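Asks: got a predicted structure plus its sequence, pasted below:
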Amino acid sequence: MTDLLLIGQRAKAASRKLAGLSSDEKNEVLLKAADALVTDGNIQKILEANAEDLDNAEKSGMSDGLKDRLRLTEERLRDMADALRDITKLPDPVGEVLETIERPNGLKLLKTSAPIGVIGIIYEARPNVTSDAWSLCFKSSNAVILKGGSDAINSNIAITEVIRKAMEESGADPDGLMLIEATDHETTNRFMQMNDYVDVLIPRGSKRLIQAVVKNASVPVIETGAGNCHIYIEKTADIDKAVPIVYNAKTQRIGVCNACESLVVDREALEKLVPVIKKLQEKDVITYADEASFEVLKKASEDGSGIRMELVKEASPEDFATEYLDYKISVRTVDSAEEAIEHINLNSTHHSEAILTEDAEKAEKFLNGIDSACVYWNASTRFTDGGCFGFGAEIGISTAKLHARGPMGLRELTTYKYKVYGNGQTR
């Protein structure tokens, strides 16, 4: 559907109906949709649509990282269905009493959580976002208008059709999920100006996409983050922890925003970099090293450590601020925790950063000094995820500071209102 005015009107009308659904009714719809995603016929339908998108991606020269985001498998579809089922187990955030205030004149005020209304999601080649975004919006009684990119359009259409049918069969208004099928920039720009129908926009994707939405939208935007995530190897770091943590953060999935893209290493810990890089080279990760780390890796290679120098390049200043989404990582040498914090705050996207150290004082200094949504001590940045945080499937990782920050789950998709109980009071 491409008639934006009609899409907006129908979504707005649906949002009012969704606000009246009980938790049990919403959970029933979510379970119905989860089952529908993994019926044999629908699995085949969705995977055939995804195969068409992947074929187009191959022809267009899409990177391996982005193709990984785009690819669906039967296992990933089952994971998507399980995410919907998990959301039914979470508390319904709508109608929760957040605060009770009693005034001297007898007025009683209840501050209660309420749906935002209509949420617009603009995203790129991640078709799993289609079901994740809908499920979180639906459980929090919001309607959602989805605007995916051309890369995943066939997958998005197929998934949307399955979910809308499940909604209709369960007695819920299917217009609570609307997909804009047009993929041109003009339609996207018009969508970002639909203040009469869309209450908030959430972009998910590349830094370029996110900044385009922030710059061009008149609808309020919750900015989600590109992920130039850092891991700082402090001089007391335990190498038995550092090697698997960095390996996981960099290579488990390269095309995600919480993957590590940059290492920061104490000068006194540069020898610990050697086993870390050697492990990364098992996956042919290219290291963009500054002068000090390059020399250490070069010497280790000459000493027979197994470091492959064909996978080590000299870093440029741009490397330290780059989200690679690829088997690449940068290395920057520092002389203190203060310098590490300063470097990371200057170059990060304020998403997720970690410190590897056995020094509790240094860890707390880092946790307090880093200006990012999620900051870790001796753990992989890959845990920045709504599911890992216990929120259910997330709508995105907010790097903004107003309304929501970090993984945005159900609670972050509500606002609040005041219910005021009186007994004839006048002012």
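Replies: Done, it's in.

Asks: so residue 301, which of the three states?
Replies: Secondary structure assignment for residue 301 (DSSP: H, G, I helix; E, B strand; the rest coil): helix.

Asks: I'd say it and residue 311 touch.
Replies: No. Contact status for residue 301 versus residue 311: not in contact, 10.1 Å apart, counting by C-beta atoms under 8 Å. Heads up, the C-betas are built off the backbone N, CA and C, glycines and all.

Asks: now the strands for the stretch 51-200 of the chain?
Replies: Remark: strands assigned in the stretch 51-200 of the chain by DSSP state E, counting those that start in this stretch are 97-102, 108-115, 118-123, 143-147, 177-179, 200-204.

Asks: try the stretch 201-350 of the chain
Replies: When assigned using DSSP E, counting those that start in this stretch, the strands of the stretch 201-350 of the chain occupy the ranges 229-233, 260-266, 286-289, 312-314, 328-334.

Asks: list the neighbouring strands of the third one plus their orientation.
Replies: The one in question is strand 286-289. Paired strands of strand 286-289, with direction, are strand 312-314 (parallel), strand 328-334 (parallel) (DSSP bridges).

Asks: what would these look like in CSV with mean neighbour count, mean pLDDT and distance to residue 220?
Replies: Below are the strands paired with strand 286-289 laid out as CSV (neighbours: other C-beta atoms under 10 Å; pLDDT from 0 to 100; distance: least, C-beta to C-beta, whole Å):
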stretch, mean neighbour count, mean pLDDT, distance to residue 220
strand 312-314, 15, 96, 42
strand 328-334, 24, 97, 34
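
Asks: what about the ones you listed, which gets the closest to residue 249?
Replies: For the strands paired with strand 286-289, the distance to residue 249 is smallest for strand 328-334, at 9.5 Å, taking C-beta to C-beta.

Asks: now that closest one - C-alpha only, PDB.
Replies: The C-alpha coordinates for strand 328-334 follow below in PDB (Å, rounded to 0.1, in the frame of the first residue of the first chain):
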ATOM      1  CA  LYS A 328      37.700  -5.400  10.400                       C
ATOM      2  CA  ILE A 329      38.800  -3.700  13.700                       C
ATOM      3  CA  SER A 330      40.900  -0.700  14.600                       C
ATOM      4  CA  VAL A 331      43.500  -0.500  17.400                       C
ATOM      5  CA  ARG A 332      44.400   2.600  19.300                       C
ATOM      6  CA  THR A 333      47.200   2.800  22.000                       C
ATOM      7  CA  VAL A 334      46.700   5.000  25.100                       C
END
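
Asks: and the angle for that strand with strand 229-233?
Replies: 50 degrees (axes from the mean of the first three to the mean of the last three C-alpha atoms, to 10 degrees).

Asks: make a markdown table out of the strands of the stretch 201-350 of the chain and add distance to residue 31.
Replies: Written out in a markdown table, the entries for these read as follows (distance: least, C-beta to C-beta, whole Å):
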| stretch | distance to residue 31 |
| --- | --- |
| strand 229-233 | 35 |
| strand 260-266 | 36 |
| strand 286-289 | 45 |
| strand 312-314 | 50 |
| strand 328-334 | 41 |
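
Asks: identify whichever of those lies nearest to residue 54.
Replies: Of all the strands of the stretch 201-350 of the chain, the one in closest proximity to residue 54, counting by C-beta to C-beta, is strand 328-334 (22.7 Å).

Asks: run the chain-centre distance for the closest one.
Replies: Relative to the centre of its chain, strand 328-334 is centred 24 Å away, using C-alpha atoms, centre = their mean, to the nearest Å.

Asks: ok, and what's touching it?
Replies: Under the criterion C-beta atoms under 8 Å, 6 or more residues apart in numbering, residues 232, 250, 260-267, 270, 273, 277, 280, 285-293, 315, 319-320, 322, 340, 343 lie in contact with strand 328-334.

Asks: next, the angle from that strand to strand 260-266.
Replies: Here strand 328-334 runs at an angle of 20 degrees relative to strand 260-266 (the same axes, to 10 degrees).

Asks: for residue 193, give its distance to residue 187.
Replies: Using C-beta to C-beta, to the nearest Å, we find residue 193 at a distance of 11 Å from residue 187.

Asks: actually residue 4, not the one I typed
Replies: Going from residue 4 to residue 187 by C-beta to C-beta gives 7 Å.

Asks: so for these two, which residues contact both of them?
Replies: Overlap between the neighbourhoods of residue 4 and residue 187 consists of residue 180, taking contacts as C-beta under 8 Å, 6+ apart.

Asks: where does the chain have low pLDDT?
Replies: Residue ranges of the chain with pLDDT under 70: 1-2, 392-393.

Asks: please consider this matter closed, and thank you.
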